[in-house]
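Colleague: quick one, fold the following:
(3 chains)
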Amino acid sequence: MLSYETVLTTCTYCGCGCGLLLEVLDGEVVGTLPQKDHPVSQGKLCIKGWNAHEFIHDRGRLKKPLIRKDGSLEQASWEEAIDLVASRLLNIKRGSGPDSIAGLTSAKCTNEENYLFQKWMRAVVGTNNVDHCARL
Amino acid sequence: MCSGRISPHFILKAFQEGADGVLIAGCHIGSCHYGKGNYITAKRVAVMKDLLGFVGLSPKRLRLEWIATSESNKFAHVVSDFTREINELGPSPMRKASSKKKPERATEPLALQP
Amino acid sequence: MKESMDKTREKMARMLDEGVVSGILGLGLRHGHPVPCLFTGSASLKDWVVDETDRYPITKILIRIARKHPDETFGVVARGCKGRSLIELFKNHQLHSEKIKVIGIGCSQELAKRCRCDRPFPSEMEEGEPARPAEDLSDLAEVESLPEEERFQYWMKQFGKCIKCYGCRNVCPACFCPVCTLEDSSLIKPGGMPPEIPIFHLHKAFHMADRCIDCGLCEEACPMSIPVRRLYRRVRKSVKDLFGYVPGEKQDEKGPLEFLGDGSYELPGTGR
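Modeller: Here you go, the predicted structure:
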């Protein structure tokens, strides 16, 4: 089915928030164009912005939860994965204290997801050790 | 090898690496060992000289000469003459620029469009 | 555009309804912003706009679409510059002329002046009057008035701003090489910021000598406001003065640096 659309969005990389258009050809994201009438970026992008579409369809992206069993990664269910993470973190918290756990989040998450993450680290895990890739 | 193989990018690379002058010697027009390779060399060098002149590199630093394989005297003369000319021009400004650690960056504020 | 472009809109609707084209590439309003889109049905043409402030590399987008759907015919809304870029792309076999229907629209005099365009109208216009050419080569004269040493310093200062975003290359409708010289590690050392100057910009400038259609998208895309268009206009002028060739004019005329030639051009100074 022939279709070409450009979707208005904001670059996920740095805090500048340049406007960009994702080119979607037949349902697949194939390219990026700068948004010419964006008040901040004014139709210009840096190299990360120009290639912002590349990770979307990358083959290396995780599609299912994976657990390392006997040295190799194997597909698992969400329940199994979450149970494993929760029990291991709880053990570490009990054994070495909550400050032995740190959380690193990402600019590719939404603001809401990042808020939730730091709330969980502070209120549930009980530590202030939370940071974000933009600070690195 | 043919002078037609000399990509303009090689000429630029030579200057970037610090060459003070680039001399291209090819077969005479009509006597190209590969037929017509030198026809395009003339066109390329003409445009390249203009481009170099526009960015502030003397077009005299790039020379194209037609020298047959048997013309050893001409070759010697051309090389001596070119060397003399380059000596008069002095070191390439690109050499002075790349010897600096970082190029001077523009410090004027960028004009923002309304 | 002050004109309503109704006549053009009707023609586009007819082309879609009659199946002359499978889609027309132009600018459409999305959330109030004019962005490139492919109109596949005449009903969608209500969103079609002609915008003078925001110019996109429409013909470059078309290459990708046409390549994925080689059997379909597409329409494209083209100004003077886009029309010129189509001729260059046809010449270089990036698009097939029998598969592309051009819908020509003119530019206002204000846009022609802003772009300093020497041909602000396509070869065929659907409606409206063509604007007058507004070519202005004073930017070249400005650089050429500087003495050689100062000229070099000026360009090195400008090139030193480069952040290697490849924006000038990405938007350029004349840049379609699958393997780009600017990404060749043997010609340009990778990993530098700024990249190896001045050759980073000179490599592209040479390629533009007989391909640049002077649309100005490169300068609009540069985040550091490097006057790259000036460089390309200069080599373009060089090719025009030396060989009488202007890119984007005649579809059957190849650029002088694309073929060997007949040896009639002699570089002054190279004796026989």
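Colleague: in chain A, which spans are strands?
Modeller: With DSSP state E as the criterion, chain A has strands at A:4-10, A:19-25, A:28-34, A:66-69, A:72-75, A:103-105, A:130-132.
Colleague: I'd guess residue C:24 is in a strand, am I close?
Modeller: Yes. Assignment of residue C:24 by DSSP: H, G, I helix; E, B strand; the rest coil places it within a strand.
Colleague: circling back to that earlier point, which one of the strands of chain A has the most crowded surroundings?
Modeller: Greatest average neighbour count among the strands of chain A goes to strand A:19-25 (a mean of 21), per mean count of other C-beta atoms under 10 Å in any protein chain shown. C-beta: built from backbone N, CA, C; applies to glycine.
Colleague: give me the angle between that one and strand A:28-34.
Modeller: Here the directions of strand A:19-25 and strand A:28-34 differ by 150 degrees (axes from the mean of the first three to the mean of the last three C-alpha atoms, to 10 degrees).
Colleague: and strand A:19-25, is it in reach of chain B?
Modeller: No. Strand A:19-25 does not reach chain B (C-beta under 8 Å from any C-beta of the partner chain); its nearest approach is 14.2 Å.
Colleague: which other helices and strands contact that strand?
Modeller: strand A:4-10, strand A:28-34, strand C:33-39, helix C:58-68 (3 or more C-beta pairs under 8 Å, 6 or more residues apart in numbering or on different chains; DSSP states H and E).
Colleague: of those, which is nearest chain B?
Modeller: strand A:28-34 (13.6 Å; C-beta to the nearest C-beta).
Colleague: shaky segments in chain B?
Modeller: B:97-114 (pLDDT under 70).
Colleague: hmm, back to that, output the strands of chain A as a markdown table; include the columns mean pLDDT.
Modeller: Output for these, formatted as a markdown table (pLDDT from 0 to 100):
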| stretch | mean pLDDT |
| --- | --- |
| strand A:4-10 | 94 |
| strand A:19-25 | 95 |
| strand A:28-34 | 95 |
| strand A:66-69 | 94 |
| strand A:72-75 | 94 |
| strand A:103-105 | 94 |
| strand A:130-132 | 92 |
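Colleague: in a markdown table: the helices and strands packed on strand A:19-25, plus distance to residue C:90.
Modeller: Shown next, in a markdown table, are those (distance: least, C-beta to C-beta, whole Å):
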| stretch | distance to residue C:90 |
| --- | --- |
| strand A:4-10 | 20 |
| strand A:28-34 | 22 |
| strand C:33-39 | 20 |
| helix C:58-68 | 10 |
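Colleague: return the residues in contact with residue A:77.
Modeller: Contact analysis of residue A:77 by C-beta atoms under 8 Å, 6 or more residues apart in numbering or on different chains lists residue A:65.
Colleague: SS state for the closest residue to residue C:84 other than its chain neighbours?
Modeller: Distance criterion C-beta to C-beta, 6 or more residues apart in numbering or on different chains; nearest residue to residue C:84, sequence neighbours excluded, is residue C:248 at 2.8 Å. Three-state assignment for residue C:248 (three-state DSSP): coil.
Colleague: I'd say residue A:93 and residue A:125 touch.
Modeller: Yes. Counting by C-beta atoms under 8 Å, residue A:125 is a contact partner of residue A:93 at 6.6 Å.
Colleague: how far away from the center of its chain is stretch B:74-85?
Modeller: 15 Å (C-alpha atoms, centre = their mean, to the nearest Å).
Colleague: ok, now stretch C:39-59?
Modeller: That offset, for stretch C:39-59, works out to 18 Å (C-alpha atoms, centre = their mean).
Colleague: try stretch B:44-54
Modeller: 8 Å.
Colleague: and the contacts of the lengthiest helix in chain C?
Modeller: Counting residues, the longest helix found in chain C (DSSP state H) is helix C:228-243. With C-beta under 8 Å, 6+ apart as the contact definition, helix C:228-243 has outside contacts at B:43, B:46-47, B:50-51, B:54-55, C:137, C:139-140, C:143, C:168, C:201-202, C:204-206, C:208-210, C:212, C:214, C:216, C:218-219, C:222, C:245-247, C:255-257, C:265.
Colleague: now with 7 Å, please.
Modeller: For helix C:228-243, contacts defined as C-beta atoms under 7 Å, 6 or more residues apart in numbering or on different chains pick out B:46-47, B:50-51, B:54, C:139-140, C:143, C:168, C:201, C:205-206, C:208-210, C:212, C:214, C:216, C:218-219, C:222, C:245-246, C:256, C:265.
Colleague: next one: stretch A:129-136
Modeller: A:14-15, A:99, A:101-107, A:114, A:118, A:121.
Colleague: and those, which is closest to residue C:8?
Modeller: Proximity of the contacts of stretch A:129-136 to residue C:8 (C-beta to C-beta) peaks at residue A:14, which lies at 40.8 Å.
Colleague: with adjacent residues omitted, what lies nearest to that closest one?
Modeller: Here the residue nearest residue A:14, using C-beta to C-beta, 6+ apart, is residue A:134, at 6.8 Å.
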